[in-house]
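# Below is the sequence, then the predicted model.
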Amino acid sequence: MRDVCVIGLGLIGGSVLRAAVSSGRTAWGATASTSDADAAVADGYDASTAVEDALRRAASREAVVVLAVPLTSLESVLSLVERHAPGCLLTDVTSVKAPVREAVRAVAPSVTFVGGHPMAGTAESGWRAATAELFESATWVTTVEPATDLAAWREVATLAVDLGARVVPLNAEVHDETVARVSHLPHLLAAVLATVGAAG
């Protein structure tokens with residue numbers, strides 16, 4: 001089993017780190033959030049705010065790197081990946097896939113990328129909300145494109161299964177269209193309804 005390096009230790013990233021350790025993998029994490037890093041260390045996990053060091057360690061151990069950062073932070077983190085862990089196996093947990101794929105191609109072209117989206121979460125956020133059981137029986141999309149390295153896809157799919165999830169392969173565009181219909185659109189309609197209701 002490959003080691004796992006998680007960048008971003010909020011609800012999803014923190015749960016990936018917790019679940020990876022619970023599955024028997026060697027795993028460590030890094031985050032820009034001092035409070036999340038401190039909380040993870042206090043809980044006994046290998047975590048820090050030294051993202052560059054975590055990525056260099058990932059490169060030396062041939063770990064799979066899991067990006068669990070907001071979409072708005074993606075390009076800056078990808079530039080660190082390209083600099084400190086070039087050629088690594090990279091996946092992510094972002095809720096849209098085509099924009100992430102294009103960002104990876106533009107900013108970190110050396111990596112082997114397999115997009116991912118675990119369909120799991122809670123109303124809470126941050127490390128304290130994370131649990132090792134978050135992905136149990138959850139659907140985890142792993143993207144398949146014409147140029148996908150199937151050995152890399154299998155590594156990412158195996159990680160998802162090890163964390164308790166059920167893997168569903170989809171290409172990025174089908175994923176994004178499906179999620180927009182079943183998740184993003186209902187959220188938008190709920191927000192509109194709440195706004196109308198608040199206005200009387």
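Nice, thanks for sending it over.

# host element of residue 29?
Secondary structure from DSSP states H and E places residue 29 in strand 27-30.

# That strand - contacts with which helices or strands?
strand 4-7, helix 11-22, helix 34-42, strand 47-48, helix 51-61 (3 or more CB pairs under 8 Å, 6 or more residues apart in numbering; DSSP states H and E). Placement of C-beta: from N, CA and C, glycine included.

# Given that strand, what are its sheet partners and their directions?
strand 4-7 (parallel), strand 47-48 (parallel) (DSSP bridges).

# For residue 198, which of the ones you listed is the nearest?
strand 4-7 (37.4 Å; CB to CB).

# where along the protein do the strands fall?
Per DSSP state E, the chain carries strands over the ranges 4-7, 27-30, 47-48, 64-67, 89-92, 112-113, 116-118, 139-143, 166-170.

# Give the residue spans of this structure that score low on pLDDT.
Within the chain, the set of residues satisfying pLDDT under 70 comprises 174-176, 179-194, 196, 200.

# Now for residue 63: which residues touch it?
With contact set as CB atoms under 8 Å, 6 or more residues apart in numbering, residue 63 has these partners: 2-5, 57, 88-89.

# Show me the two of these that sit farthest apart.
Going by CB to CB, the pair spanning the contacts of residue 63 furthest: 57 and 89, at 14.3 Å.

# Neighbour count for those two, which is higher?
Using other CB atoms under 10 Å as the criterion, residue 57 and residue 89 rank with residue 89 on top: 22 against 18.
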